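Asks: I would like to see how this sequence folds:
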Amino acid sequence: MSGDALCVGVCMIDWDSGVCLGCGRTAEEINGVPVAEPPAAEIPQPQQSAVNAPLPPNVADMLGEGSD
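Replies: Purely as a prediction, here's the structure:
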């Protein structure tokens, strides 16, 4: 899971299922116990770096292209 990004500020563990009623994570996930990463084949790769993307024309007209 992605850390506290899923937290909604309602931390209440249902001890029968072991899942937080607020965010749906297990107590181990909330407490930071390492969880196995998915295989590399399942991790999507970015198509283009946003750093190298040109500015949209309307923004470039207002701000200029910038410098390197």
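
Asks: What are the boundaries of the helices in the chain?
Replies: Applying DSSP state H to the chain gives helices spanning 27-31, 57-63.

Asks: and among these, the most buried is which?
Replies: Greatest average neighbour count among the helices of the chain goes to helix 27-31 (a mean of 14), per mean count of other Cβ atoms under 10 Å. The C-beta positions use only the backbone N, C-alpha and C, and glycine is treated the same way.

Asks: Kindly export that one (C-alpha atoms) in PDB.
Replies: Taking C-alpha atoms only, helix 27-31 is exported to PDB below (Å, rounded to 0.1, in the frame of the first residue of the first chain):
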ATOM      1  CA  ALA A  27      -2.900  -3.400  11.200                       C
ATOM      2  CA  GLU A  28       0.400  -4.600   9.800                       C
ATOM      3  CA  GLU A  29       0.000  -2.200   6.800                       C
ATOM      4  CA  ILE A  30      -0.800   0.700   9.100                       C
ATOM      5  CA  ASN A  31       2.100   0.000  11.400                       C
END
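
Asks: and Val33, how far is that from Ala41?
Replies: Distance, Val33 to Ala41, by Cβ to Cβ, to the nearest Å: 25 Å.

Asks: circling back to that earlier point, could the helices of the chain go into TSV alongside mean pLDDT?
Replies: Putting the helices of the chain into TSV (pLDDT from 0 to 100) gives the following:
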stretch	mean pLDDT
helix 27-31	82
helix 57-63	78
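
Asks: Reformat those helices into CSV and put distance to Met12 next to each item.
Replies: Below are the helices of the chain laid out as CSV (distance: least, Cβ to Cβ, whole Å):
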stretch, distance to Met12
helix 27-31, 11
helix 57-63, 45
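
Asks: Number of residues surrounding Ile13?
Replies: 15 (other Cβ atoms under 10 Å).

Asks: whoops, Pro56 was the one
Replies: Considering only other Cβ under 10 Å, Pro56 is surrounded by 9 other residues.
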